[in-house]
Structures are given as C-alpha cells and as structure tokens.
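Engineer: Here is my input, please return the structure:
(chains A and B)
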There are 2 protein chains.
Amino acid sequence: MEPLGIALIGCGVVGGGVAKLLLEQQGHLAERAGRPLVLRHVVVRHPEKPRAVPLPRNLITTQIEPALGDPQVDVVVELIGGLEPARTIILNALRAGKDVVTANKAVLAHHGTEIFDTAREHHRTVAFEASVGGGIPIVGAIARGLAANHISSIKAILNGTSNFILTQMSEQGQDYPTALAEAQRRGFAEADPSMDVDGTDAAHKLAILARLAFGSEIPLEVIERRGIDVLHPADLAFASELGYVIKLIAEAWVHDEQLALHVEPTLVRKLHPLADVRGANNAIHVVGDAVGETMFYGPGAGQMPTASAVVSDLVDLAIGSAQLTFRTLRLWTNCRRLRFRSASSIKSRFYLRLNVIDRPGTLAQVASVLADHHISIASVVQHESLDDQEGISVPIVIRSHDAFLGELRKAVETLDRLPCVTAPCAYFPVADW
Amino acid sequence: MEPLGIALIGCGVVGGGVAKLLLEQQGHLAERAGRPLVLRHVVVRHPEKPRAVPLPRNLITTQIEPALGDPQVDVVVELIGGLEPARTIILNALRAGKDVVTANKAVLAHHGTEIFDTAREHHRTVAFEASVGGGIPIVGAIARGLAANHISSIKAILNGTSNFILTQMSEQGQDYPTALAEAQRRGFAEADPSMDVDGTDAAHKLAILARLAFGSEIPLEVIERRGIDVLHPADLAFASELGYVIKLIAEAWVHDEQLALHVEPTLVRKLHPLADVRGANNAIHVVGDAVGETMFYGPGAGQMPTASAVVSDLVDLAIGSAQLTFRTLRLWTNCRRLRFRSASSIKSRFYLRLNVIDRPGTLAQVASVLADHHISIASVVQHESLDDQEGISVPIVIRSHDAFLGELRKAVETLDRLPCVTAPCAYFPVADW
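Structural biologist: Residues are numbered from 1 along each chain as shown, chains lettered A, B, ... in the order given. Presented below is the predicted three-dimensional model:
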C-alpha cells in the first residue's frame, strides 16, 4: 500500500522522540497502520546540531517550502510550539493540501477556530492527541470513546511541572523555589517556567478539552486562572491537616446551561482519585451522563509519552480513521454557544489563611468582615502561638460554607487592609467532589 | 445521510440502556455520528415483559431472522451474553452481511478467533468496546490511542462485583458472605455470582485485552486464576498492617518473549493507583514502551456505563471509522504466537498466612519447610495469642522474597500436612510494582 509521507517541523525533545519511533519502529508501525509511515523531511533551525536520534542527512533541511510542496508528503507534524511561526506553518500546510498533526496547545487554544476552519475549507484533518495530557489518549477518549455522552464536567491535572512541584512541596516539605529548581534539574520545567506555574499552560489545555467536550468555543479570557506560584508551604500543611491535598486543578463544568471554567490551586479530598496523582503525571476526570465518572491517568509530558500520542495520530491518519472522525465531530466549527459563568458568580467552599496579630478581638474582626460579605464560617483552626506572648503573628485557617468567589474576593480585600492582618490572605477553593 | 439501521438482540439491563440512548438521544447521536442511528428491531424472549424504557411496539419481536434479513439493518447488537445462542447469532449476523457490536466477553474469550475470522471472511466489523471495563474506553485506548507502543504489561481490576466486595470487606470490616449479599442487594452481583467471584469473568476480559495488546491468541486455560471467594477477612487486615490492600488483579505481562497471565487476589501497595480503586469501579493500568505508565478508570459495569460503550461503537460504525480500524489492526487473526510462561515458573514475592498451634518449635518447623523449597523469608509477623496459654492457634504472617509459585505451592502442601498447622494456609502474590 501507498506509504504515508511525513514532514516533521521541529526536532527538539518531542520531535526527536517522533523521529525515533518512525525510524526505529518502522515494521511495527506499518503493521498497525496497514501501510508504511515514511519520514520524508525534518525541518530544523540548526541542521548541524548533534541529535540523540541519528537522522539520515538527506532528510534534514532548514527550508519548510520544499516539504509543503512535496507531493509525497501527506502529513505535516508541527512540533515547534508557541504561537508563531507555528500558526502560519499549520495554515500553510493545510492550504498546501496536507493534513496536520500538532502537539501545540497554545496555538490551538488561541487560533483553534481559524485552524479548524481552514482545515475544513481545504478538506484536511487536524489531529492533536498530543496537545493535552501527553501520552494519555484523552482526546480520543472524549471525541470517540465517550461519544454517547453529554459531558457535564472535566476536572483535571494538566500541568506536569506544577504537579511535580506540588508533590515535592507536600511530600518532601520543600519550599516553592527548591521544588522548582528540582523540577528544572530533572527536566520537567523549562528554563522559563512561568507558563507552567502560573496556570496558563493548563488553561490552554482546558480550553481544548472543553471545546471537545462541550462543543463550544472557549475564548481564553473566560478561563479564570491562578497558578501554584502563589502557594505557601504552610497551605499544603494546613490542607493536609484538614484531610486535603492541594492540586492545580483545571475544571470546566456545565450547570444551568452555563459553562464555568477555571484553573486554580484547589483543596481536593485525600480520597479522591485526583489526590493520588503524583509527580509529573497528569489525570483527567470526566463525568458523562451515561458513563458516570471516568478518569484517565498517565505521564503528562516528556519526550516519548508525547511522541506516543503524535504517532498514534499518524497511525490513525494512515488508516483513514482520523479523517472520518474529524469530518463528523463538531470540533471547533459550527459549535453551540454556551454562556459563560463569570468567575465572581461561581459558588464554592473556600479555604482562607490569614496571618494575624495574636491579640483579643482579632477573630471577631475577621469574622465580622466575612459576615458582611455573606460568608458563613464552617470551621476555624488557630494554632497556639509558640510563646505565650501577645502580639505575635499567627495563622488562622478558616473554611467557609458555599460562598460566591466575588464576595470572597471583596472580603479578602477588606481583610488585607485590617491592621491586625500582617500578610496578604491566601484563599483557595475547596472541591465539593 | 443514510441512517445506520440497528437490530438489538436482547433487551435486559444493558439492552434497555442502549435502547434508551438510541431513542432519547437521537438528535445528539445523529450529530456526533453525522447520520441518524435508527433502532429497527428489538429481539426479546418475552415481548410482553414491562420495560423501564418504553419501546415502540412495532420494534419488538421474538424472531431473529427478520432482523438479520432486513436490508435496512446494518448492525446487529448482541447483548444476551453467555456462549450460546450468542455465538450462533453473531456468526449468522456476520454471514448475513451485518456488522456486530457486542458486550459479551465470554463469547469473545472463548470463540474470538472464529468470530473474527468469520467477520473478515465476510468483510464485516466486530466492535466490542463494552466487553471490557464497562464504560471505560479501554479497547479504543489500546487499539488506537497507544498504537505507537509495544505494550509490556497490563494490570487491571476488571470485575466490579469482586472489587465492591473487597472494598466492603476492607473498609466496613464485613465478612465475605455479608459483603456478597450487600453487592447482590445493590444490583452489582448476579443471583449466581460464581463467574464474578471465582475470577472467570476477569479472566475472560484479560484474554480480550491481552489479545489486543500483545497480538497473540490467548487460550483461556493458560490464564491461571483464583477468585476472591478464597479470601478471609484476616488477610485483608494483615495486608493493611503491612501497607497493602488486597485487590483481584488480572495481570498479563511479557518478559523474555514469554507471556504470563493470571487473575488472583494480590497484595498491592497502598500508594499504587490501583489500590485506590473502590466499589464497583474498574481500572486498567497499561505500560507501553513509549508512553510509560497509564491508567484508565471508571465504572466497570452497570446499565448506562455499558450502554455508553455500546453506543460509542455504534457511532464509530456510523462514521465508518470502526471498520477501518478493524480491518487494519491485527485483532485476533494473523497474530503472533507468544510462548506462555507456566504458572509454576512465575516468580513473585508472596504473602503466606498460617494458623498454627502456639508452642515452641512451630516457627522452626515452618521455616524449615520453606527453606526446603528455596523460599527465603523476608518478614514474619506473629501476633501474641490473647491468653498466655500454650496450645492456642495463632496466625503467622510470612512475607517471602521472590520465589517460584510452583515451589510455594509444594511448600504449602507440605505445611498443610504439618500437625502444628490447624487450617489450610492462605497465600497470595505481593505485587512488586
């Protein structure tokens, strides 16, 4: 049978993994796909750079046009990441009549509509299993495996770097900078980790999953986000005392025909399956009306896991199945328009930590501010200060009953201005699942 | 577009769920599939039986032949379970030119080769997502999502009834009969639960997964199996003391080009993701060479979860993607032949509980029997007998280093004959993962 011709754009960590699979597993992949998967071009910036996978010299090029113009190329695999030139490359590939496989969550989250419209216009397919959840086949699971369901919620750990740092902080008692340095040393975190730790990367992935699951366009700005860079080790310890772990949870759910989305450090009950996701792993918990609660777990990033997802898309394209699925599923285009719930109108229980001067009347002041904002207190833990002296700053940990985020924020603003409060309050939602 | 015509054979619990989805979610499913999914016949034994889902009377029939002969039927959904007449119905449907969707693990485990050969001969497709893991899209995950991988092991909780009983026993301290009765009361266990609790059902499902993952025929008799009906509550308690939970684990792994398969109550470290699978849920842990460790979790049985899987197969058939995947993947036919590792040559750590007379020399006798079979002791726990009297029977819990199952069994035979041993020894593997 006719081979599937592949042009690889970018040969960094993930690209190297894809090249490795295509070159070393030719027989196995041809068997799975029913036809050979043939690497025809590898477009890189620095052709002389030594690479872990020895690439045949004649495949390497710095020019993208010959790859797009080659009639023997069926699929362009975009693995350079970021918005530009990735967006332009993807659009040009589709216009040149190539199918596209991408692991690029940023470009899909920002320019998904344009990319998918262009693909449909040119009768091409975009496959993106690797863009979310690394090696976990979550895109296929939602697009196909759970096709019979109306999905009501997605709760997920989508950023491996953040989860690794949280695991180090909670299990090894490390502080944030130490855990981040450890993540960088082990290759989980980039030199500039800001998109990972501030929740942006998880928000990109959540946007992709939510579009798939809810069939609605998701403008990125509707995803309320906070990252783990705001976390203090004390919060992990207090959460643990209360029976919770703190995870960076990306969540999307439909209620009353409104879609709510946010990415936030969240207190998760220790018994919940998401609480046990450790290290650089990802997990996606999906609730569907027919299936109930399902969860998909695995390595959320890394060379070979992500390459595994890219190559599964290539096999699906070689078989012809990806094209059929893409054409029929309402991905990105013609989608329903859900209303978005504003962050301030989201109700949740909250964890609130205040550092206060330990003197009579402090708790009364705090409680009265919360009452002014209709926030009802479920529990208070105030640890005794170490010496018996008044005037020492001590942490108070308050759990609220259900309250509106908007009201909580206003309360925190007021609390932060109280003279008895010595440092900005920390607050995180407490999951009710 | 041309609708996909469906004949439902069997309308019990799962069949009722499938009918419900097809009738109540017509619009949603037509949108997902790109064409209507139309229920044309429901073949039942007792047409007058009242049903939770009101079926149009003109669809109900007791005759299967008109359904197979109807040119407007594209797919036959077999949901009667068991070996016969299910096998004959599936074969006849394929010969009549119909694709087949089935949730029947027994018929696939026993007659998979015949069924798949017949399908290929008649250029038809068999889809069976619902046969393993209930609503968890595990067949799609292995067949497509992990297609780039050589899978090295599958470790799974595949029987929801057993897992529910184990959860009740370990968390509520119930004994086996009480937990089983509770499972029956809640509808998780059949009136005759023997196939669930003796490991047969899990072995059927493991055979299907192993065929998919390893591309090898799996004669059922090579799957060594023991069920949870052999468990004593004391073993759950002792396991917990040692940092483990006992789960009915179905496991298949390749080592040295040999495939080992077994279903057995197994001690699993409390930190392992499989340890947290509670109640009637299932989970499948898959290790692939590229992806690493992944896990798929969800409801392993039940009306709507299983119906969700059946209908996802129908959507895939309507799209045309299931046919392409089925033709290309080496399911069942033309498969590689792996050698099977005999159970007795499987090496593992073991948990061994003996009830012995509490008198001097007993432990020495036990230890010497184990030494005779080259079984090295890693730890011993002997609880003090409640009163200080010699001659009372006390449990001794021994953990071994790696030992051959064959040797362990011989040792247990000898131990069971010792006069100081008052009840048959219990032994279970201790997972090293």
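Engineer: Every contact and neighbour count from this point should use C-alpha atoms.
Structural biologist: Fine.
Engineer: residues of the helix or strand hosting residue A:21 that come out buried?
Structural biologist: Element membership for residue A:21, per DSSP states H and E: helix A:13-24. Using 16 or more other C-alpha atoms under 10 Å in any protein chain shown as the test for burial, helix A:13-24 gives A:13-23.
Engineer: Pull up the residues of the stretch 251-400 of chain A that are close to chain B.
Structural biologist: A:271, A:273, A:276, A:290-299, A:304-309, A:311-313, A:315-316, A:319-322, A:324-325, A:328-330 (C-alpha under 8 Å from any C-alpha of the partner chain).
Engineer: Show me which of those are buried.
Structural biologist: Looks like these have A:273, A:276, A:290-299, A:304-309, A:311-313, A:315-316, A:319-322, A:324-325, A:328-330 buried, using 16+ other C-alpha under 10 Å.
Engineer: Of these, which belong to strands?
Structural biologist: Counting by DSSP state E, the part of these found in strands is A:292-299.
Engineer: Count the residues that sit near residue A:393.
Structural biologist: Neighbour count of residue A:393, defined by other C-alpha atoms under 10 Å in any protein chain shown: 17.
Engineer: Repeat that for the one 5 residues further on.
Structural biologist: Residue A:398 is flanked by 19 other residues according to other C-alpha under 10 Å.
Engineer: Just to be sure, it is in a strand?
Structural biologist: Yes. Assigned with DSSP: H, G, I helix; E, B strand; the rest coil, residue A:398 falls within a strand.
Engineer: related to what we said a few turns ago, with pLDDT added, can I get the buried residues of helix A:13-24 in JSON lines?
Structural biologist: JSON lines is the format used below for the buried residues of helix A:13-24 (pLDDT from 0 to 100):
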{"residue": "A:13", "pLDDT": "89"}
{"residue": "A:14", "pLDDT": "92"}
{"residue": "A:15", "pLDDT": "94"}
{"residue": "A:16", "pLDDT": "94"}
{"residue": "A:17", "pLDDT": "95"}
{"residue": "A:18", "pLDDT": "97"}
{"residue": "A:19", "pLDDT": "97"}
{"residue": "A:20", "pLDDT": "96"}
{"residue": "A:21", "pLDDT": "97"}
{"residue": "A:22", "pLDDT": "97"}
{"residue": "A:23", "pLDDT": "96"}
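Engineer: what's the closest of those residues to residue A:374?
Structural biologist: residue A:14 (49.9 Å; C-alpha to C-alpha).
Engineer: thought that closest one was touching residue A:307?
Structural biologist: Yes. The criterion here is C-alpha atoms under 8 Å, and residue A:14 meets it with residue A:307 at 5.8 Å.
Engineer: Angles on the backbone of residue A:187, please.
Structural biologist: Taking degrees, to the nearest 10, you get phi 80, psi 10 for the backbone angles of residue A:187.
Engineer: pLDDT score for it?
Structural biologist: Looking at residue A:187, its pLDDT reads 78.
Engineer: What of the one 3 residues further on?
Structural biologist: You'll see residue A:190 listed with a pLDDT of 76.
Engineer: ok, now residue A:335?
Structural biologist: 60.
Engineer: Repeat that for residue A:390.
Structural biologist: 57.
Engineer: rewinding a little: how about the helix holding residue A:21 as CSV, C-alpha atoms only?
Structural biologist: Output of helix A:13-24 as CSV, limited to C-alpha atoms (Å, rounded to 0.1, in the frame of the first residue of the first chain):
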residue,chain,number,x,y,z
VAL,A,13,12.7,16.9,22.5
VAL,A,14,9.3,15.7,21.2
GLY,A,15,10.3,15.9,17.6
GLY,A,16,13.3,13.7,18.4
GLY,A,17,11.0,11.2,20.0
VAL,A,18,8.7,11.1,17.0
ALA,A,19,11.7,10.7,14.6
LYS,A,20,13.0,7.9,16.8
LEU,A,21,9.7,6.0,16.7
LEU,A,22,9.2,6.5,13.0
LEU,A,23,12.8,5.3,12.2
GLU,A,24,13.2,2.5,14.8
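Engineer: now for that helix, which elements pack on it?
Structural biologist: strand A:37-43, helix A:303-319 (3 or more C-alpha pairs under 8 Å, 6 or more residues apart in numbering or on different chains; DSSP states H and E).
Engineer: So which bits of the strand or helix carrying residue A:251 are buried?
Structural biologist: Using DSSP H and E, residue A:251 falls within strand A:244-255. Neighbour counts over strand A:244-255 (16+ other C-alpha under 10 Å) mark A:244-254 as buried.
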